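A.B. asks: I would like to see how this sequence folds:
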Amino acid sequence: MVRKYLAGIRVNDETLALEEIRRVGISGEFMSSPHTFQHFRGNIFEPRLGVRLQRSLADARSNLIARAEDRVDALLVAPRQPTLDEATRKELLRIEERYSRT
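C.D. replies: Residues are numbered from 1 along each chain as shown. As a prediction, the model looks like this:
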């Protein structure tokens with residue numbers, strides 16, 4: 001939510017949607033509008049782990065802890081790029097070797 005706040009609010013012809021406001025009019029609603037459908041996901045905060053189901057519709061893995069565990073498992077099995085270059089890795093191993101002898 002903080003990142004979303006710090007990113008600010010984009011104000012342009014597309015986000016203002018003045019034509020859509022004129023089309024819908026004063027007594028209309030925007031929930032069924034194609035413009036709303038196209039833009040709503042990027043404009044509200046949607047946590048990845050939060051469960052947004054009715055309890056009666058949720059299964060055993062539809063709770064915050066289970067979803068967090070599933071996310072951790074997925075991160076652990078995913079391939080990762082090395083965070084150190086080869087020269088740095090060798091230097092650290094050399095330092096470790098030197099200090100492990102004492």
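A.B. asks: what about the helices in the protein?
C.D. replies: For the chain, the helices defined by DSSP state H occupy 2-7, 13-16, 18-24, 34-43, 64-77, 86-100.
A.B. asks: which of the ones you listed sits closest to residue 50?
C.D. replies: Among those, helix 64-77 comes nearest to residue 50, with 7.0 Å by CB to CB. (C-beta placed from N, C-alpha, C; glycine too.)
A.B. asks: kindly export that closest one (C-alpha atoms) in CSV.
C.D. replies: Extracted in CSV, the C-alpha atoms of helix 64-77 (Å, rounded to 0.1, in the frame of the first residue of the first chain):
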residue,chain,number,x,y,z
LEU,A,64,-3.3,-16.9,4.8
ILE,A,65,-0.9,-19.3,6.4
ALA,A,66,-1.5,-22.0,3.8
ARG,A,67,-1.1,-19.5,1.0
ALA,A,68,2.1,-18.1,2.5
GLU,A,69,3.5,-21.6,2.8
ASP,A,70,2.6,-22.3,-0.8
ARG,A,71,4.4,-19.1,-1.9
VAL,A,72,7.5,-20.0,0.1
ASP,A,73,7.6,-23.5,-1.4
ALA,A,74,7.3,-22.0,-4.9
LEU,A,75,10.1,-19.5,-4.3
LEU,A,76,12.4,-22.2,-2.9
VAL,A,77,12.0,-24.5,-5.9
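A.B. asks: residues of that helix that come out buried?
C.D. replies: residue 67 (16 or more other CB atoms under 10 Å).
A.B. asks: packing partners for that helix?
C.D. replies: Packing contacts for helix 64-77, counted by 3 or more CB pairs under 8 Å, 6 or more residues apart in numbering; DSSP states H and E, involve no helix or strand.
A.B. asks: what residues are up against residue 47?
C.D. replies: The contact partners of residue 47, taken as CB atoms under 8 Å, 6 or more residues apart in numbering, number zero.
A.B. asks: before I go, just wanted to say thanks for your time.
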